[in-house]
Each structure stands twice: as C-alpha cells, then as structure tokens.
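Q: please find the sequence and the predicted model below.
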Amino acid sequence: MRKLKGLEEFIDVVWLHWALGEKGWYFKEEDNSLAKDPYYGYTLLREFYFKADPGYDKRFTVPMLWDRKYETIVNNESSEIIRIFNTAFNGQLPPEKAGIDVYPEDLRSEIDEVNEWVYNKVNNGVYKTGFATTQQAYDENVYPLFESLERLDKRLSDGREFIMGSKLTEVDLRLYPTIVRFDAAYFTLFRCNIKMIRYGYPYLHKWLLHLYYDFPEIFKGTTFLEQLKKGYASTRFGITPAGPIPLIMERQAAL
Ligand SMILES: N[C@@H](CCC(=O)N[C@@H](CS)C(=O)NCC(=O)O)C(=O)O
C-alpha cells in the first residue's frame, strides 16, 4: 500500500527479524532487519508498545504504524492502516498517486461483503486450521477455507483482472499475503493441504502471478519468501527447514 500510493517520503519501513522470539518480534542484523531500530535503538518491538503506553498488556503485533513526531502508535491493524494510507496523504501527493483509491465509493458495499468472508475463511482461516488442536476444530475450518478458495477461483474465471473486476482494490491487497504464502507455508506447516494454489486453482494462481510479476514494485519487491519460509518453518514449530526453500513458480512454467 505504501508503494502503491507512493508514500515512501512520508512513511519509513523498519523491518524486524523473521524469527518470533520469547519476547516477541526483535531486531537482529540479518536479512532485512537491522541490529537495532534506527530511532530509539530498541531491540524489541515491545519497547515501542511500552513507549506508547507503559501499562500496555496486550499482544505485540506487526504491522505497527508509529508516529515519530508524537512518539506513539497510530494503529496496529493492517486493514485500518490500508484505509489510512488510501486517503491520509492525498493532499500532498501528485494527482496520479492521490487518485489511486483501493476502496472506491461505488464498490464499498461489495468490498465489505467480500472482505468479511475472505477474512474469516481465508486470511484467518489458515490460522484457525493451523492452530486447531482438535480434529473437530480442524474440520470446521479447513473445509470452509477450501470452499472459499474455490469461490475466489470461480470469481476470477470470467477473465477479470482483479477480485472486484477491473480495479485493484483493498480486497486484492488483503488477500495477496495469504495466497503468496499458501503453498510455501500454510499447505505443509498449517495442514491446509487439500489443494495447492499452483495446481488446484488456475485462476487464483494466474491472479497471484499477475500481481507478483506485473506489479513488481508493489508485490514482488515487498515479498520476502525465503525469510517467510524460515520464519514459519524454524521458529514457531520447532521444525528445521531441510530445504530447498520453495519459491513462487516461474511464470513460463505456470501458464
Ligand atoms: N490485527 C492484526 C493482527 C496482526 C498479527 O497477528 N500479527 C502477527 C504476525 S502475522 C504478530 O505480530 N504476532 C506476534 C505475536 O502474536 O506475538 C493485523 O492483521 O494487522
């Protein structure tokens, strides 16, 4: 969203290390992460949360949008950050960037409706499936997840470019991170293994490759699959990745 709207001048990105430590996300000089955060020299994400509110007692999650002037958290909910970025800087952006609207008025009710099931059954569905500790919980989530992938594939089968039609919207932006990780992480580690995106959902796979390869600044350039794979495989579940690390399929081979 930051790249799509051209907000680089207003919003810095500071990456944390891909591993989730005992005390949550942390900095370490490896891959995208610096040894420390460049503003305060913090080594843990939680330090920002405590700076904003010394009594903070909830989860220390990413993404987190920090206001450097007021030295506090603006928001830590990705769907709300998308909406903020969609309009908040329009007054300072060139017309071609200010004109980009991923939540256009005429599509709002349909976007809200699609977001609802995509979030519950796909974005959150992979987590509910992966973290299920009973067979019943697994079954209750894994089937709706795959029914929803089917539904998305069918939707895209009419040749539309994006989920809502001819316009890139927040629905695409919200769905992309889950789909791009699906085969590499969720299929195996989270046992979301009824079908793979690349073999089971041709239209969804085509949509994914279209975003990834045809808008490289926005998608490919902000997707770090190797780090993601290391994070999912090694940190949370005690599984050492044997390698090789799966990557997105070459376009040539897929079409
Ligand atoms: N509502 C948040 C949820 C964010 C979230 O759960 N982030 C995970 C990483 S994908 C996290 O930071 N987890 C750290 C933890 O649970 O300790 C959003 O979607 O923006």
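A: Everything's here; your move.
Q: residues from the stretch 51-200 of the chain in reach of the ligand?
A: Residues of the stretch 51-200 of the chain lying close to the ligand by CB under 6 Å from any ligand atom are 59-63, 77-78. From N, CA and C alone the C-beta is placed, and that goes for glycine too.
Q: now with 5 Å?
A: 59, 61-62, 77-78 (CB under 5 Å from any ligand atom).
Q: which of those are buried?
A: Ser78 (16 or more other CB atoms under 10 Å).
Q: Ile100 is in contact with Leu173, correct?
A: No. With contact defined as CB atoms under 8 Å, Leu173 does not reach Ile100; the gap is 11.3 Å.
Q: now for the two: what residues contact both?
A: Leu4 (CB atoms under 8 Å, 6 or more residues apart in numbering).
Q: the two: who's more crowded?
A: Taking other CB atoms under 10 Å, Leu173 and Ile100 do not tie; Leu173 has more neighbours (21 against 16).
Q: quick one, grab the pLDDT at that one.
A: Leu173 carries a pLDDT score of 98 in this model.
Q: elements contacting the helix or strand hosting it?
A: Element membership of Leu173, judged by DSSP states H and E, is helix 170-181. Helix 170-181 is packed against helix 78-87, helix 108-117, helix 202-214, helix 225-230, with contacts defined by 3 or more CB pairs under 8 Å, 6 or more residues apart in numbering; DSSP states H and E.
Q: may I see the ones you listed organised as JSON lines, with distance to Pro95 added?
A: Output for the helices and strands packed on helix 170-181, formatted as JSON lines (distance: least, CB to CB, whole Å):
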{"stretch": "helix 78-87", "distance to Pro95": "14"}
{"stretch": "helix 108-117", "distance to Pro95": "22"}
{"stretch": "helix 202-214", "distance to Pro95": "23"}
{"stretch": "helix 225-230", "distance to Pro95": "34"}
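Q: where among those is average confidence lowest?
A: Averaging pLDDT over each of the helices and strands packed on helix 170-181 puts helix 225-230 lowest, since it has a mean of 86.
Q: tally of neighbours for the closest residue to Glu29 other than its chain neighbours?
A: Spatial nearest neighbour of Glu29, chain neighbours left out: Ala35 (4.0 Å); criterion: CB to CB, 6 or more residues apart in numbering. Other residues near Ala35 number 12, with proximity taken as other CB under 10 Å.
Q: repeat for Phe27
A: Burial measure for Phe27: 21 neighbouring residues, criterion other CB under 10 Å.
Q: pretty sure it contacts Tyr40?
A: No. Using CB under 8 Å, Phe27 makes no contact with Tyr40, being 10.8 Å away.
Q: shared neighbours, the two?
A: Counting by CB under 8 Å, 6+ apart, nothing touches both Phe27 and Tyr40.
Q: now the strands for the stretch 51-200 of the chain?
A: Here the stretch 51-200 of the chain has its strands, by DSSP state E, counting those that start in this stretch, at 65-67, 72-75.
Q: need these in TSV with mean pLDDT and distance to Ile111, can you?
A: As requested, these are exported to TSV (pLDDT from 0 to 100; distance: least, CB to CB, whole Å):
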stretch	mean pLDDT	distance to Ile111
strand 65-67	98	21
strand 72-75	98	19
